[in-house]
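# Sequence unavailable; structure follows:
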């Protein structure tokens, strides 16, 4: 872990962490040392490497970073707000963009991502022609969502982009977990906010359960338990090369459907191992 930090930051680089992410300061102090941590709210960029440990929804609070010239500053990860837009999931499934995605990703990666990314639709208030149908939903108008049964409401409404309602899991609404009246209310609100706060509709994919040992303070030993698992891969760009350097595994109680914004969870670093290529 520390070697990765040195690889990113070099000798003079700094970690810029926001107040909102302050709970992770102890981990960063252990990784890079207290003297290399800087507060995002007061940080003034300078030449060299800076690791961004703040999300772009904090952008308007970071006046010094916004107003400073970026010449000579190497941000990891780059200050690209559009990469944090959830609407990408819906754009990935749009028929007019299919050939563009296939060309940019390559046929193999395109097919693999189609198998991984749950189907999604932009919640845009438009009228379809009489012969038009929203793909896979089988409806001609968003108003038909109001008649969906609880089983058919295995759909998630998500805020795309930055919103005070979107941090943690607060910007995610699972239709099957709520009565019909709340479902109708949420869909109507999402459609009404399209021009100022876009939303998307996405098929809900149930998280998998795994067995993994964790430390028990009460028993003073490692014990096996069942958990919901989320994996967040971390890719580092070196020159023109993109490498998978590791992942963050989040273990949450099995009664949680939405793995985000947990009061109790276990965070585990995941490494990568290069295995020899097996022969035929």
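Perfect, thanks for sending it. Because the structure is predicted, anything quoted here is derived from the model rather than measured. Residues are numbered from 1 along each chain as shown.

# Buried residues, the longest strand that the chain contains. List them.
Ranked by residue count, the top strand of the chain under DSSP state E comes out as strand 221-238. Buried positions in strand 221-238, judged by neighbour count with 16 or more other C-beta atoms under 10 Å: 227-228, 230. Bear in mind the C-beta positions are built from the backbone N, C-alpha and C, glycine included.

# Go through the next helix or strand after that strand and flag the buried ones.
Downstream of strand 221-238, the next assigned helix or strand under DSSP states H and E is strand 241-252. Going by neighbour count (16+ other C-beta under 10 Å), the buried part of strand 241-252 is 246-247, 249-252.

# From the chain's centroid, how far away is stretch 78-91?
In this view, stretch 78-91 has its centroid 9 Å away from the chain centroid, taken as C-alpha atoms, centre = their mean, to the nearest Å.

# What's the end-to-end length of it?
End-to-end distance for stretch 78-91, by C-alpha to C-alpha, to the nearest Å: 22 Å.

# Show me what stretch 151-163 is in contact with.
The contact list for stretch 151-163 (C-beta atoms under 8 Å, 6 or more residues apart in numbering) reads 56-57, 59, 81, 84-87, 123, 145, 148, 165-166, 171-176, 183, 186-187, 190, 197-204.

# So for the residue at minimal distance from the centre of the chain, what's the pLDDT?
With the centre of the chain defined as its mean C-alpha position, the nearest residue by C-alpha atoms, centre = their mean is residue 84, 7.2 Å away. For residue 84, the pLDDT comes out at 76.

# measure it to residue 253 for me?
Between residue 84 and residue 253 the distance, using C-beta to C-beta, to the nearest Å, works out to 27 Å.

# part of a helix, is residue 183?
Yes: membership of residue 183 in a helix is supported by DSSP: H, G, I helix; E, B strand; the rest coil.

# tell me the contacts of it?
Remark: with contacts taken as C-beta under 8 Å, 6+ apart, residue 183 is in contact with 145-146, 148, 153, 175.

# Could you do residue 36 as well?
Contacts were defined as C-beta under 8 Å, 6+ apart; by that measure residue 36 touches 9, 13-15.

# quick one: which of those sit in strands?
For the contacts of residue 36, membership in strands holds for 14-15, with DSSP E as the criterion.

# Just the closest of the contacts of residue 36 to residue 106, please.
Taking C-beta to C-beta as the measure, residue 106 lies nearest residue 9 of the contacts of residue 36, at 32.3 Å.

# State the pLDDT value of that closest one.
73.

# Is the nearest residue to it once chain neighbours are set aside in a helix, a strand, or coil?
Closest residue to residue 9 apart from its sequence neighbours, by C-beta to C-beta, 6 or more residues apart in numbering: residue 49 at 5.1 Å. What three-state DSSP gives for residue 49 is strand.

# From the rest of the structure, what touches stretch 59-75?
Contacts of stretch 59-75 with the rest of the structure, by C-beta under 8 Å, 6+ apart, involve 16, 18, 40-50, 52, 54, 79, 81, 162.

# Show me which of those are buried.
16, 18, 40-41, 43, 45, 49-50, 52, 54, 79, 162.

# what's the weakest-modelled helix or strand in this protein?
Least confident element among the helices and strands of the chain, by mean pLDDT, DSSP states H and E: helix 2-9 (a mean of 66).
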